[in-house]
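> quick one: sequence and predicted model below, then my questions.
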Amino acid sequence: GTIVGIVLQDRKGFNQVADSIQEITHTGEMTEIFTAWDHMDLLSPTQLEGGNWTHANALDYYPDEDAYYMAMKQLHTMVKVDRSTGELDWAIGGEGNMFEWAEGTEPLTMHHQFHAYADNRLVVFENGDPSRGYSMAREFELDTVNMTATEVWSYVREPSVYVFAKGDVERLSNGNTLVTWSSSGEIQEVTPDNEVVWQVNTDLGSAITFIDRVESLYGE
């Protein structure tokens, strides 16, 4: 009976807002789990004249870890938050990065949805900086003891596309990856060798945001 959401908060003395994680009961009671304002020593506001200095765009709960993962596009940062304490377990990417990037691994830039599908494995849809000109799916292995992050897989569409907003990624049980090129109106399933198994395209004129793979729309 409880839902969770990304909720914007302002703070006195700042002409900006930041994101928080709030749990909401069926009676409307709200419990704050995490707010970026309390971690300003780590997640410092960017130099904006106003607006949302964190720009959280994806939030998932993982019951096995009792943890929330939240992506903050404006900071190029993703955080893992302990639900029971509200404390930051780690942050990866951008200003709040706690990991050392392995040799040959480029830092995250302007990412969106993600999938923590196994212990210390994280697949991310990376919009990327517009100057790069293309978006991609990336998989990282996180060593949370030595605090290193290593890219172990990536996929760039051929020909490449730049997704300026949204985007989704999911590692499937068969080992393939579902990639949603949101503003391009395309969904692809690709193998670990980056072969396209199938894809669907739409000319509806609007972006596909988040998707879920289901076996049937009609149950068992």
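Yep, it's here.

> for the protein, which spans come out with low pLDDT?
46-49, 204-205, 220 (pLDDT under 70).

> wasn't Phe125 part of a strand?
Yes. Phe125: assigned to a strand according to DSSP: H, G, I helix; E, B strand; the rest coil.

> close enough to count as contact, it and Glu170?
No. When contacts are counted by CB atoms under 8 Å, Phe125 is not listed as touching Glu170 (9.4 Å). From N, CA and C alone the C-beta is placed, and that goes for glycine too.

> so for the two, which sits in the more crowded spot?
More neighbours surround Phe125 than the other of Phe125 and Glu170, with 26 against 21 (other CB atoms under 10 Å).

> for Arg213, see how far away Leu142 is.
Distance of Leu142 to Arg213, given as CB to CB, to the nearest Å: 24 Å.

> looking at the two now, which is surrounded by more residues?
In terms of neighbours (other CB under 10 Å), Leu142 is the more surrounded of Leu142 and Arg213; the figures are 19 against 11.

> thought that one was touching Ala149?
Yes. Counting by CB under 8 Å, Ala149 is a contact partner of Leu142 at 5.5 Å.

> what touches both of the two?
Common contact partners of Leu142 and Ala149 (CB atoms under 8 Å, 6 or more residues apart in numbering): 92, 99.

> which stretch of helix or strand covers the nearest residue to Ala71 once chain neighbours are set aside?
Of all residues not flanking Ala71 in the chain, Ala58 sits nearest, at 4.2 Å (CB to CB, 6 or more residues apart in numbering). Assigned by DSSP states H and E, Ala58 belongs to strand 56-62.

> can you give the strand pairings for that strand, parallel or anti for each?
In the sheet, strand 56-62 lines up against strand 67-72 (antiparallel) (DSSP bridges).
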